[in-house]
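>>> Need coordinates for the below:
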Amino acid sequence: MNLKHKTVLITGAAHGLGRELASLLDKEGCLLILVDQDPVSLPHAQSRMCDLADLAQRKKIIETLQTETVDILINCAGIGSHSHFKKITVDEVERVMQINTLAPLELTVGLPSAKWVVNIGSVAGEMNLPAMSLYAASKTALHAFTRSIQLEGARALLVIFGPLRGTDFAQSILHPQTGQPNWYRRLDLPVETAARLVVQAMKRDQNQLIAPEWYRIIFLLAKIFQPFLKHFFKRYRRIEA
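Model (predicted):
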């Protein structure tokens, strides 16, 4: 796909991956509409402030954007959740699902002019992880939606990353007592690299991006050995007890 002169809407554009994508796509010659609850400053880009956890704000911005032609929609906004399921609050459930699931779904169906949809998923949407039940649920739904609309003929790219180095998101899912495990730190991907991979996948008209590629093996092994994983994660249950 030739990205030059394409109008691209990016949610979560003020920080992390969204900000890196905006910077790269600006260099590609895209016309940008940047959406975030925090101010976004980038030359030659429109900035729209919106708290995607707020249904009324989402409806208002969708109504506003329906008057414009959006060629590409990048649903990048997301928040983490790292809690034992018995400690999750109703408010947390609502906020995580509103931002991670409902907002991208509503934007996708509410902006029919978008010819290409890019949804930022997560490894948590492909495999079960302890203390991430809510976050995993939000991403699993997004993955299923993306793959289903692909079967209906939609041009959609599902991006599956693990932890991204240099983002506030990684900090938001630290375990409350153990912090970030050593194995987690070894898996992270620099946010600059992640953004570059997404842009490359868009240019190649891919329908899925998994990075690093060896995550595919991890997903397969996780399915095969799912019955045994509960023994591996026993120490997390001891910590939460």
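
>>> how about low-confidence regions in the protein?
166-187, 225, 227-241 (pLDDT under 70).

>>> could you point out the longest helix in it?
Ranked by residue count, the top helix of the chain under DSSP state H comes out as helix 133-151.

>>> helix, strand or coil for residue 52?
coil (DSSP: H, G, I helix; E, B strand; the rest coil).

>>> Leaving out sequence neighbours, find the closest residue to it.
What sits nearest to residue 52 in space, not counting adjacent residues and going by CB to CB, 6 or more residues apart in numbering, is residue 103, at 4.1 Å. (Each C-beta comes from the backbone N, C-alpha and C, glycine too.)

>>> repeat for residue 51
residue 37 (4.4 Å).

>>> Tell me who's in contact with the one you found.
14, 49, 50, 51, 52 (CB atoms under 8 Å, 6 or more residues apart in numbering).

>>> Check which residues of the host helix or strand of residue 96 are buried.
Per DSSP states H and E: residue 96 is located in helix 90-97. In terms of neighbour count (16 or more other CB atoms under 10 Å), helix 90-97 has its buried residues at 95, 96, 97.

>>> for it, the distance to its chain's centre please.
Between the centre of helix 90-97 and the centre of its chain there are 16 Å (CA atoms, centre = their mean, to the nearest Å).

>>> Numbering from 32 from now on, please.
All set: I'll call the first residue 32, so the last point we hit is now helix 121-128.

>>> returning to that earlier point: quick check: phi and psi at the residue nearest to residue 82.
phi -80, psi -20 (degrees, to the nearest 10).

>>> re earlier: burial check on the residue nearest to residue 83, number of neighbours?
28 (other CB atoms under 10 Å).

>>> Can you name the residues that contact it?
Counted by CB under 8 Å, 6+ apart, residue 134 has contacts 42, 83, 84, 89, 106, 108.

>>> that older thread, if I look at the residue nearest to residue 82, how far off is residue 92?
11 Å (CB to CB, to the nearest Å).

>>> who touches both of these two?
residue 81.

>>> Return the residues in contact with the most centrally placed residue in the chain.
The chain has residue 151 as the residue nearest its centroid, 3.3 Å off, counting by CA atoms, centre = their mean. Residue 151 sits next to 48, 105, 106, 107, 109, 190, 192, 229 when contact means CB under 8 Å, 6+ apart.

>>> Those residues into JSON lines, with extra columns for neighbour count and distance to residue 171?
Below are the contacts of residue 151 laid out as JSON lines (neighbours: other CB atoms under 10 Å; distance: CB to CB, whole Å):
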{"residue": "48", "neighbour count": "27", "distance to residue 171": "19"}
{"residue": "105", "neighbour count": "30", "distance to residue 171": "20"}
{"residue": "106", "neighbour count": "29", "distance to residue 171": "15"}
{"residue": "107", "neighbour count": "27", "distance to residue 171": "18"}
{"residue": "109", "neighbour count": "27", "distance to residue 171": "13"}
{"residue": "190", "neighbour count": "24", "distance to residue 171": "15"}
{"residue": "192", "neighbour count": "23", "distance to residue 171": "15"}
{"residue": "229", "neighbour count": "25", "distance to residue 171": "20"}
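
>>> Cross those against helices and list the overlap.
Going by DSSP H, the helices hold 48, 229 from those.

>>> Specify which member of the contacts of residue 151 is nearest to residue 158.
Residue 158 lies nearest to residue 192 out of those, by CB to CB, at 13.3 Å.
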